[in-house]
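Asker: Have a look at this prediction, sequence included:
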Amino acid sequence: MGKAREAGLDLVEVSPTSDPPVCRIMDYGKWLYEQKRKVREGRKKSQHHTATLKEIRLRPETDKHDLAIKLDHARAFLDKGHKVQFTMFFRGRQMLHQDKGYRILNEIAESMEDLAKVERPSRMAHRRMTLLLVPK
């Protein structure tokens, strides 16, 4: 018994509700530490995968192929559970063609309909137009 006490071993009741009750000889302090560590690791993993906002920037003259690549990136973000915000920037005389920006963002929303829903529709704020999509 003397060596067990030096090693820090305890008689711990593992399952008190069973018949007969189950006990085990273990280092209780070490077991508590490991349980707390498991809980802490679980929290880290759950916080790591929270939905974050990903931004994809566009211009009214963005080429069709470049737009397709950006849409592929957006699909990947939505698959992972992230929100995606499309931001279209206007410069100088481009402000006269805001209708083109609305048209492009509406096409994007329609093409992403299978994966995402529109949380905030296209709207203009100063020189930028935004569209926010969230995964279904």
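Answerer: Done, it's in.
Asker: which element is T87 on?
Answerer: Take DSSP states H and E as the rule and T87 turns out to sit in strand 83-89.
Asker: residues in contact with that strand?
Answerer: 51-60, 74, 77-78, 101, 104-105, 108, 116, 119, 127-135 (Cβ atoms under 8 Å, 6 or more residues apart in numbering). Using the backbone N, CA and C atoms, a C-beta is placed for each residue, glycine as well.
Asker: filter those to the buried ones?
Answerer: Listed as buried from the contacts of strand 83-89 are 54, 56, 58, 60, 74, 77-78, 101, 104-105, 108, 116, 129-135; burial here means 16 or more other Cβ atoms under 10 Å.
Asker: Can you list the buried residues in the following helix or strand past the strand holding T87?
Answerer: Next along the chain after strand 83-89, taking DSSP H and E as the criterion, comes helix 98-111. For helix 98-111, the neighbour count (16+ other Cβ under 10 Å) marks G101, Y102, I104, L105, I108, A109 as buried.
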